[in-house]
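In: The following comprises the amino acid sequence and a computationally predicted model.
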Amino acid sequence: MRKYDHFFEKTERLILRRFNINDTKYFHFYRSNSEVAKFQSWENYQYHEAKTFVNEQIKNNPNQPGTWFQFAIALAETNELIGDCALHTLLNEPRIVEIGFTLSPEYQGNGYANEAVCALLHYIFNSLEKHKVIAFSDVRNTKSIAVLERVGMRREGHLLQNYMSKGQWIDEYQYSILKSEWEGTTYPSTSETK
Ligand SMILES: CC(C)(COP(=O)(O)OP(=O)(O)OC[C@H]1O[C@@H](n2cnc3c(N)ncnc32)[C@H](O)[C@@H]1OP(=O)(O)O)[C@@H](O)C(=O)NCCC(=O)NCCS
């Protein structure tokens, strides 16, 4: 079993931790997959982009207004990277944050995204004490919508032609959950920051 020094959250099967340089190859492997990129802004994700991204994330800290912080999702047993989830702290209202998530196709279909997003919400509401979490999903992204609804987020808007992706205006749903809605709900067990 591989040891890890630090994690933000731990669940039965997963940890949310910082990216490290050894993650670069696998991060590039799944980000460059066309199915993973289908409803995202990027395409043909290059290795040098992955390298720059990981190097930036190593230096960044979560909860900095106006920035995104990307957590590595890793298997708790082995510390292997399986995906990532992101926290965007809004510049003008840092008590509200936006999230996003991606899993390598090799690990989809096992409830890992559900578990990781619950852990992320736990971290956001319990450790960072935020007021509200929002997420945007392409209306065609049924897998993403399923994750958002499974963790208890509410659809609170249908935003017409809200962003340009691959030369096309895309409709998005906005999902959200308030701290008051999250409290008292039972989710998979998480451990506090180590
Ligand atoms: C969005 C994304 C993370 C969803 O991944 P996913 O694997 O479908 O989601 P989960 O890991 O929560 O797994 C749910 C599936 O595992 C199944 N499952 C198996 N074991 C499970 C368990 N122990 N617990 C919960 N679900 C389990 C569920 O039934 C569900 O299957 P279904 O889709 O046939 O209903 C993935 O499609 C992805 O990375 N897409 C590309 C990036 C993207 O578009 N991100 C969204 C941007 S907001």
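Out: In hand now; what should we look at? Residues are numbered from 1 along each chain as shown.

In: What count of nearby residues applies to the residue in the chain that the ligand sits nearest to?
Out: Each residue of the chain has a distance to the ligand, by Cβ to the nearest ligand atom, and the smallest belongs to Gly111, at 2.3 Å. Where C-beta positions appear, they are placed from N, C-alpha and C, glycine not excepted. Applying the criterion other Cβ atoms under 10 Å, we find 13 residues in the vicinity of Gly111.

In: for Glu106, same thing?
Out: A count of nearby residues for Glu106, using other Cβ under 10 Å, gives 13.

In: check contacts around it.
Out: If a contact means Cβ atoms under 8 Å, 6 or more residues apart in numbering, then Glu106 has 30, 82 as its contacts.

In: Look at it and report its pLDDT.
Out: Confidence per residue is given as pLDDT, and for Glu106 that number is 98.

In: Just say helix, strand or coil for it.
Out: Under the three-state scheme (DSSP: H, G, I helix; E, B strand; the rest coil), the conformation of Glu106 reads as helix.

In: same check, this time on the one 3 residues further on
Out: Following three-state DSSP, Gly109 is assigned to coil.

In: neighbours around it, how many?
Out: Neighbour count for Gly109, taken as other Cβ under 10 Å: 10.

In: quick one: the residue nearest to the spatial centre of the chain and Lys166, what's the gap?
Out: Nearest residue to the geometric centre of the chain (Cα atoms, centre = their mean): Cys85, 1.9 Å. Between Cys85 and Lys166 the computed distance is 23 Å (Cβ to Cβ, to the nearest Å).

In: so, in contact with the ligand or not, the helix or strand where Tyr173 lies?
Out: Using DSSP states H and E, the secondary-structure element containing Tyr173 is strand 168-178. No - residues of strand 168-178 contacting the ligand under Cβ under 6 Å from any ligand atom: none, with a closest distance of 8.9 Å.

In: now swap in stretch 135-147 and tell me
Out: Yes - for stretch 135-147 and the ligand, the contact criterion (Cβ under 6 Å from any ligand atom) is met by 135, 137, 141, 143-144, 146-147.

In: Next, find the distance separating the closest residue to Ser104 other than its chain neighbours from Leu81.
Out: With Cβ to Cβ, 6 or more residues apart in numbering as the measure, Tyr30 is the residue that lies nearest to Ser104, at 3.7 Å, once sequence neighbours are left out. With the distance defined as Cβ to Cβ, Tyr30 ends up 9 Å from Leu81.

In: Which neighbours do the two have in common?
Out: If you check Tyr30 and Leu81 against Cβ under 8 Å, 6+ apart, the residues they both contact are Ser104.

In: Can you show me the strands along this protein?
Out: 9-10, 14-17, 67-75, 81-89, 96-103, 132-138, 154-165, 168-178 (DSSP state E).

In: Walk me through which strands the fifth one pairs with, and which way each runs.
Out: Strand 96-103 has its sheet partners listed here by DSSP bridges as strand 81-89 (antiparallel), strand 132-138 (parallel).

In: Using CSV, list the CA coordinates for it.
Out: Extracted in CSV, the C-alpha atoms of strand 96-103 (Å, rounded to 0.1, in the frame of the first residue of the first chain):
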residue,chain,number,x,y,z
ILE,A,96,-20.1,31.2,-2.9
VAL,A,97,-18.0,28.6,-4.7
GLU,A,98,-18.3,26.7,-8.0
ILE,A,99,-17.3,23.1,-8.4
GLY,A,100,-16.4,20.8,-11.3
PHE,A,101,-15.3,17.1,-11.7
THR,A,102,-13.8,14.6,-14.1
LEU,A,103,-13.0,10.9,-13.8
